[in-house]
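> one predicted model, sequence on top.
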Amino acid sequence: MGFGTHPHDNMEIITIPLQGALEHKDSMGNIGVIHAGEVQVMSAGTGVEHSEYNHSKTEAANTLQIWLFPKFRNIEPRYDQRDFKDKFKLNEFTTLVTGDKNVDALWINQDATFSMGEFEAGKTINYDIKTAGNGAYIFVLDGSAKIDGQILNKKDALGVDDTSSITIDTQDTTKILIIEVPMLK
């Protein structure tokens, strides 16, 4: 169904449709549709109201929406959206969101990185932490993978910190989202 108009402030909101599409409307004047393969970021900053609904009356929408505390508070709210369908390559991670304005990805107000990829069975993937001191939340969207002896299946996740790299062994064709975030000190 969706969410009616509601407020947020001082939050970085990342929306990743996995299936279907969402209609979006906000108090900054943005109105549109976000499809699977696209990503939306919204810096709520000093305050914004928004609503999101399934764009279709007949097809299901499956969406991730992740909220992060911002690096700097009370910034001017902003919205951005990007299509990544042509960027994805089998057996590689694609950076979707980052706090580094020099990377070809959506920018957020936080030292975080969101990377997603689909990998064939039997692959060993080495993921290097992009920002020293960050931890990572590894979310298996589909398939299964082994990380540090732990098997993760579809919709399983694992948090990792105090490391500079992570080794992932895919057990099946596997789609993974890695959310790298600053760790509380």
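Looks like it came in fine. Predicted model only: the values in this text are computed from it and were never measured.

> so who does the nearest residue to residue 153 once chain neighbours are set aside touch?
Spatial nearest neighbour of residue 153, excluding adjacent residues (C-beta to C-beta, 6 or more residues apart in numbering): residue 144 at 4.7 Å. C-beta: built from backbone N, CA, C; applies to glycine. Taking C-beta atoms under 8 Å, 6 or more residues apart in numbering, we find residue 144 in contact with 151, 152, 153, 154, 170, 171, 172, 174.

> and stretch 19-35, what's buried?
When burial is assessed from 16 or more other C-beta atoms under 10 Å, stretch 19-35 yields the following buried residues: 20, 21, 22, 23, 24, 26, 30, 32, 34, 35.

> which among these gets closest to residue 74?
For the buried residues of stretch 19-35, the minimum distance to residue 74 (C-beta to C-beta) is 17.8 Å, reached by residue 26.

> gap between the closest one and residue 47?
As defined by C-beta to C-beta, to the nearest Å, residue 26 lies at a distance of 11 Å from residue 47.

> ok, now residue 60?
In this structure, residue 60 and residue 47 are 32 Å apart, going by C-beta to C-beta.

> neighbour count winner among these two?
With neighbours defined as other C-beta atoms under 10 Å, residue 60 and residue 47 compare such that residue 47 has more, 12 against 8.

> which residues touch the residue positioned nearest the centre of the chain?
What sits nearest the mean C-alpha location of the chain, by C-alpha atoms, centre = their mean, is residue 114, with 4.9 Å. Going by C-beta under 8 Å, 6+ apart, residue 114 touches 14, 16, 39, 66, 95, 96, 97, 98, 177, 178, 179, 180.
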